[in-house]
Structures are given as C-alpha cells and as structure tokens.
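[1] have a look; sequence and predicted model below, questions after that.
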Amino acid sequence: MSFQPIDLQPTHLQNDLVQLIPLAESHFEELYAVASDPLIWEQHPNPDRYQRPVFSNYFTGAIESRGAFLIRELKSGVAIGSSRFYDHEPEHRRIKIGYTFFARTCWGKPFNQQVKRLMLGHAFTFVDAVIFHVGASNIRSQKAMEKLGAVKIGEEEVAYFGEASRWNFVYEIRKSQ
C-alpha cells in the first residue's frame, strides 16, 4: 500500500487572522521575544522554556522537525507564537500537532483555534486522525483542546527534544468528526 507524502511545512496556511510561515533559523530572535515571557510556560511541562538556552534547544528541535511554523498575526505582521506537525505515521494515517505556544496577548482570543483549524484542514487531506500531547498540569491547554472538540484518549510519558520526559494527556481529533 502506498501513502501520499504530507507536506509538513506548506506555505498556504493563512486566514483572516493568522499566517503560518515555515520556521527558519532567521526567526529565532523574533520568536524568542515572544517565548521569553515566563508566564507562557507556567503550566507547561517544561516551565523553564522562557530561558534562552532552554528555548534554544526547543528552537533547534523545531527546525530539525521540518514541520514547525512561526505564527504571525495577519493584520500587524507581528510574531505571536509557534506550532508544528510531527511524528507522521502514514501507515496509521495519523500525525501529531503540538509544541504550540502563543503570546499572552493572544490568550482568550481565537488565535489558537484558528491556527489549529488551518493545521487540521491541511492534515486531514493526508490522515484520518490528529494526536495532541498536552502536559498533565497544563489546564489552560487541556481546556483549549476540549473547546476544539478533541477527545482525551489516554495518558503517557512524552520525551521532548533534548528535555526530560514528562507526563502528558493524549487527545485526538478524527477526520470523521
């Protein structure tokens, strides 16, 4: 059985609110300016990611994934966060979306939902299911997953790129939903 390869960094993911740009080395300072806010990472399994060396490791993993995006608010052109596709399993017709963060100015607004809808729309042309890992202590992200319609299907320890493993909840959205 042959599988259609997925483009992990398409250049057409945009709507009236956001634009997802394939992440490049040149985006480091711009993205770190967003990520350097300690409150962004307060509930995250890796709460030190606001520190430059820790974020640098995150950024290296994002670049090496070849599936990461810089998220820009469309109107202002300002960087507001990042997300990525990873762990594509074509034989199981699924992929993961995660490593997402947003500037606090975006919290409580439709940015996360709009970014995820763009990514889900693209993914579902290639897969039947999208998996999300959410830190077990990250209540804010768990609520965001539920608002998006994701269903919690399990719990597991997840090894982040170059970081210690952490306990995560596993959420899923199926194409049929």
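    Thanks, I have the structure now.

[2] which residue ranges form the helices in the chain?
    Secondary structure of the chain by DSSP state H: the helices cover 28-35, 52-65, 111-123, 139-148.

[3] so which of those is nearest residue 9?
    Nearest of those to residue 9, taken as CB to CB: helix 52-65 at 9.3 Å. From N, CA and C alone the C-beta is placed, and that goes for glycine too.

[4] avg pLDDT for that closest one?
    The average pLDDT for helix 52-65 rounds to 96.

[5] got a list of what residue 78 touches?
    The contact partners of residue 78, taken as CB atoms under 8 Å, 6 or more residues apart in numbering, are residue 72.

[6] so for it, what's the pLDDT?
    If you check residue 78, the pLDDT there is 97.

[7] please tell me how far it sits from residue 113.
    19 Å (CB to CB, to the nearest Å).

[8] next one: residue 140
    According to CB to CB, residue 140 stands 13 Å off from residue 113.

[9] again with residue 149
    When residue 149 is compared with residue 113 (using CB to CB), they lie 10 Å apart.

[10] now the strands: where do they sit in the protein?
    18-22, 68-73, 79-89, 94-102, 129-135, 151-159, 165-174 (DSSP state E).

[11] what sits up against stretch 17-29?
    9-11, 13-14, 31, 56, 59, 62-63, 68-75, 79-80, 82-84, 110-111, 114-115, 118-119.

[12] where in this protein is pLDDT low?
    1-4 (pLDDT under 70).

[13] if we go to 90?
    1-5, 43-46, 140, 158-166, 177 (pLDDT under 90).

[14] picking that back up, figure out which of the helices of the chain is closest to residue 90.
    Taking CB to CB, helix 111-123 is the member of those nearest to residue 90, at 11.9 Å.

[15] buried ones in the closest one?
    By 16 or more other CB atoms under 10 Å, the buried positions in helix 111-123 come out as 111-112, 114-116, 118-120, 122-123.

[16] how about TSV for those, with distance to residue 174 added?
    Shown next, in TSV, are the buried residues of helix 111-123 (distance: CB to CB, whole Å):
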residue	distance to residue 174
111	24
112	20
114	20
115	19
116	14
118	18
119	15
120	10
122	16
123	11
